[in-house]
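Student: I would like the atomic coordinates for the input below:
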Amino acid sequence: MCGISLVLAKERVDISSFRAFNSIIKHRGPDDEGFIFVSGDSNDIQIVGGQDTQEDVWNTATNYQPQHNINKIQGDYKIGIGHRRLAILDLSALGHLPMCDALERYWITYNGEIYNFLELRKELQDLGYEFSSQSDTEVILAAYASWGADCLNRFSGMWSFAIYDRQTKTIFISRDRYGIKPLYYWFSPEGDFYLASEIKQFTQIPSWKAALNPQRVYDYLFYAMTDHTDETMFKDVYVVLPGHSISIMNPEIQKTNKGRIKQEKWFNPENIKFSGTFEEAASGFNRHFDQAIDLHLRADVPIGSALSGGLDSTAIVCSVNNKLKEKGVESLQKTFSSCADIEKYNEKKWMDEVIKSTNVEASFIFPKGQDVFALSEEIIWHQDEPYQSQSAFLGYHVFEDAKKHNVKVLLNGQGADEYLSGYNAFSIFRKLNLIKQWKFLQVYKELKYLPTLEKLNEIRLLLYHLLPKKWIRFFSKFSSEHKTLNGMINMNQLGAKNKHPHDKKGFKFRSIFEIANHQLFCEPLQKYLRWEDRNSMAHSIEARVPFLDHNLVAYSTQMPIDYLDGFQESKKLMIYGLEDILPTSIRNRKDKKGFITPEEHWFKHEFFEEFKNMFKKYNAYSGSILNEKAVLDYFNQIIDGKKPFDYTYWRLISLGMWMKVFNIQS
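Tutor: This is a model prediction of the structure:
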């Protein structure tokens, strides 16, 4: 897990600003740093170190051993490649980056982990490759040299990388299937192309001027959506999409008329139907999950787990625990959990159930509401873009606690909800199928058992998918929520169109496969992965997500809806597939919550005046996009019970905070 930097200059690389471009993400890689610079005419490469390059790297003879200090080099370079290292595999100097192959043709900067690198290494050795390190980076280089872009389909893992081919003067850029590891690009006014792990890196370029992207800000304010397109909330900053790659023929970069680069979709999941029994399906899930955990435990540093008390994190903790026992490991697995002092929001009793059954070494934190006011600017700086609720605030503290306990890798349950029926889209789809089969009585019986608010929401969602989308979009503009937001947001000042994010690129709701892929590649997983990446990297921790093993996802999305969801049942495939390792109490839980904050309590009962003052403070930076009086009236209506509490309050506060932190012009 690391940070990467790349620049392709029209004229020459500004070495000073590129050094800052790479240094601002030191938190992603505090263990080492490195650079290469490529001259324009001769294609010569200068291998360069910096102040954080380790002494043993300077003293170890490799093809990629630094020869110069970045403070002392000069020259007309067309390409700059930088790297910040968080050492997880092969902790020696042999794992230094940028790294090259034995022939010094291919040079790579890389962020992530290829979990099946041992199997690929053996396959490549059989083809005649000789390896000098124990790193997965060297395996990527050999795989690319052997199979070209087809190597991507052989990788199991998470990654963002760029490979420079010195012979053809091309650059190959790739991002993993589900976008676990981030990758952004931006063109400077001078026409220089920059590639980065985090958006804040662009702020180190002298000609950078942060500007608002109005339509994506609209999506955030009205629909709580971020990270759902190739655009960001920063104007002209783009995302390399999950499962996509880019090939650049240096020095010319082909841009579209909107300033984008053409991206090739290399990952195309297949829609295959499972034909076996439920028992066979559950057994297969067990096997795929077990293999995913095995791969995600490969590291040369201590590994821990996040434990929320929910099904997903419990499955990981219990599986890891069993594997440690099988290997005779004496040290206990370390788990990290966030709890609340207020019982309504406290999940500790469920965590205790897991701890009792596994005997892990557990650590608990109890984040305080007042810390929201002290730390939010710091968190939003790490996040690059606004976040939706204080869930990101909790995650920040969990990773902070892991760092205090010297755990460098943390496994967690992110990604399971999106394809295993953790969200009600799956339940709605199953009910729609019942309606299409004229089984109205069954739907009525299921709705009858729901609390009133949940029942109304389910009915609304059923109508949403039964009625023509044009009708729904039209009538939604007259909803109370939409009217409230329109009253608080100055659309003319924002400069966005009043349209739903999915109007142009419709969300297909025709199968489990399509629902899962929408939730995995668009909304909501992509924003959650950003929160997790930035929170973990803020504390130099590698976050791993075994549920996003591509073989496990591909297997699970083959299933019929009844294998995943049922009446008062969700995640059936996992519950029955892992029944031998899950504690009975967790397996039978119906009130899934995960890491939650007492956010409503903080807003309504403890810190209402502080939240109002916080909004007023940051609204001064939002360029009159928000109507202050209307927002404060809205806050008061929540307190008076005239409006329901939801996370809109935080979006209204964090917009101005984000604009202040990044000095954004509207």
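Student: Against Ile180, how distant is Gly310?
Tutor: Distance from Gly310 to Ile180, counting by C-beta to C-beta, to the nearest Å: 20 Å. All C-beta spots, glycine's among them, are computed from the backbone N, C-alpha and C.
Student: Ala9 too?
Tutor: The gap separating Ala9 from Ile180 is 30 Å, by C-beta to C-beta.
Student: Comparing these two, which shows the higher neighbour count?
Tutor: Neighbour count, other C-beta atoms under 10 Å: between Ala9 and Ile180, Ile180 has more, with 26 against 21.
Student: State the mean pLDDT of stretch 363-370.
Tutor: Stretch 363-370 carries an average pLDDT of 96.
Student: ok now that stretch, how far from the chain's centre?
Tutor: Distance, stretch centre to chain centre, for stretch 363-370: 23 Å (C-alpha atoms, centre = their mean, to the nearest Å).
Student: Show me the contact partners of it.
Tutor: Outside stretch 363-370, the residues that touch it by C-beta atoms under 8 Å, 6 or more residues apart in numbering are 334-341, 348, 351, 393-394, 397-398, 400-401, 405, 597-598, 602, 606-607, 610.
Student: again, only using 7 Å
Tutor: With contact meaning C-beta atoms under 7 Å, 6 or more residues apart in numbering, stretch 363-370 is reached by 334-341, 348, 393-394, 397-398, 401, 405, 602, 606-607.
Student: Now do the same contact list for the nearest residue to Ala210 once chain neighbours are set aside.
Tutor: In space, and not counting its chain neighbours, Ala210 is closest to Ile664: 4.4 Å by C-beta to C-beta, 6 or more residues apart in numbering. Taking C-beta under 7 Å, 6+ apart, we find Ile664 in contact with 210-212, 658.
Student: any idea how far Ile664 lies from Leu466?
Tutor: If you go by C-beta to C-beta, the gap between Ile664 and Leu466 works out to 41 Å.
Student: what do you get for Pro598?
Tutor: Per C-beta to C-beta, Pro598 is found 37 Å from Leu466.
Student: now Gly34, what's its secondary structure?
Tutor: At Gly34 the chain is in strand, as set by DSSP: H, G, I helix; E, B strand; the rest coil.
Student: for the one 3 residues further on, same thing?
Tutor: Applying three-state DSSP to Phe37 yields a three-state assignment of strand.
Student: I'd say it and Gly80 touch.
Tutor: Yes: using C-beta atoms under 7 Å, Phe37 makes contact with Gly80 at a distance of 5.3 Å.
Student: which residues are in contact with both of those two?
Tutor: Common neighbours of Phe37 and Gly80 (C-beta under 7 Å, 6+ apart) are Val13.
Student: neighbour-wise, which of those two wins?
Tutor: Using other C-beta under 10 Å, the more surrounded residue of Phe37 and Gly80 is Gly80, with 28 against 25.
Student: contacting residues around the more buried one?
Tutor: By C-beta under 7 Å, 6+ apart, the residues touching Gly80 are 6-7, 13, 18, 35, 37.
Student: Leaving out chain neighbours, which residue sits closest to Lys527?
Tutor: Of all residues not flanking Lys527 in the chain, Asp227 sits nearest, at 4.3 Å (C-beta to C-beta, 6+ apart).
Student: neighbours of the nearest residue to Gln204 once chain neighbours are set aside, just the number please.
Tutor: Leaving out its chain neighbours, the residue that sits closest to Gln204 by C-beta to C-beta, 6+ apart is Ala20, at 4.0 Å. Residues lying near Ala20 (other C-beta under 10 Å) number 15.
Student: Ala20 should be in a helix, yeah?
Tutor: Yes: under three-state DSSP, Ala20 falls within a helix.
Student: Is it in contact with Phe202, as I believe?
Tutor: No: in this structure, Ala20 is not within contact of Phe202 by C-beta under 7 Å, at 11.0 Å.
Student: sorry, back to before: quick check on the contacts of stretch 363-370: which are buried?
Tutor: Buried by 16 or more other C-beta atoms under 10 Å: 334-340, 348, 393-394, 397-398, 401, 602, 607, out of the contacts of stretch 363-370.
Student: Max pairwise distance over the residues you listed: which two?
Tutor: Spanning the widest gap among the buried ones among the contacts of stretch 363-370 are Lys334 and Phe607, at 32.2 Å by C-beta to C-beta.
Student: Low-confidence ranges, the stretch 501-650 of the chain, go.
Tutor: Residue ranges of the stretch 501-650 of the chain with pLDDT under 70: 504-506, 591-595.
Student: Would you quantify the distance from Ser275 to His244?
Tutor: Look at Ser275 and His244: by C-beta to C-beta, they are 32 Å apart.
Student: Asn406 now?
Tutor: Distance of Asn406 to His244, given as C-beta to C-beta: 36 Å.
Student: Compare neighbour counts for these two and give me the winner.
Tutor: Neighbour count, other C-beta under 10 Å: between Asn406 and His244, His244 has more, with 21 against 10.
Student: Check whether that one really touches Arg260, as I assumed.
Tutor: No: at 11.6 Å, His244 does not count as touching Arg260 under the criterion of C-beta under 7 Å.
Student: Show me what counts as buried in the longest helix along the chain.
Tutor: Once the chain is assigned using DSSP state H, the helix that runs over the most residues is helix 278-296. In terms of neighbour count (16+ other C-beta under 10 Å), helix 278-296 has its buried residues at 278, 281-282, 284-286, 288-293, 295-296.
Student: give me the number of residues near Val301?
Tutor: Residue neighbour count, defined by other C-beta under 10 Å, stands at 14 for Val301.
Student: That one: which element?
Tutor: Val301 belongs to no helix or strand when assigned by DSSP states H and E.
Student: Find the nearest non-adjacent residue to it, please.
Tutor: In space, Val301 is closest to Lys408, 4.1 Å off (C-beta to C-beta, 6+ apart).
Student: Who are the contact partners of that neighbour?
Tutor: By C-beta under 7 Å, 6+ apart, Lys408 lies in contact with 88, 301-302, 541-542.
Student: quick one: Asn153 is in a helix?
Tutor: Yes: Asn153: assigned to a helix according to three-state DSSP.
Student: Before we move on, what's the pLDDT of it?
Tutor: 98.
Student: Show me where the stretch 101-250 of the chain has its helices.
Tutor: Taking DSSP state H, counting those that start in this stretch as the criterion, the stretch 101-250 of the chain carries its helices at 117-126, 136-147, 214-223.
Student: do the stretch 351-500 of the chain as well
Tutor: 370-383, 391-404, 417-420, 424-436, 440-448, 452-466, 469-476, 480-488, 491-494.
Student: Single out the most deeply packed of these.
Tutor: Mean neighbour count (mean count of other C-beta atoms under 10 Å) peaks for helix 417-420 among the helices of the stretch 351-500 of the chain, with a mean of 27.
Student: Output it as PDB, nothing but the C-alphas.
Tutor: Output of helix 417-420 as PDB, limited to C-alpha atoms (Å, rounded to 0.1, in the frame of the first residue of the first chain):
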ATOM      1  CA  ASP A 417     -23.500  -5.600   1.400                       C
ATOM      2  CA  GLU A 418     -23.400  -4.500  -2.200                       C
ATOM      3  CA  TYR A 419     -23.800  -8.000  -3.700                       C
ATOM      4  CA  LEU A 420     -25.000 -10.300  -0.800                       C
END
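Student: and that helix, average pLDDT?
Tutor: Per-residue scores along helix 417-420 average to 97.
Student: likewise stretch 219-231?
Tutor: Stretch 219-231 shows a mean pLDDT of 97.
Student: out of the buried residues of helix 278-296, who's nearest Met559?
Tutor: Met559 has its nearest neighbour among the buried residues of helix 278-296 in Ala281, at 5.9 Å by C-beta to C-beta.
Student: Now do the strands in the stretch 451-600 of the chain.
Tutor: For the stretch 451-600 of the chain, applying DSSP state E, counting those that start in this stretch gives strands covering 542-544.
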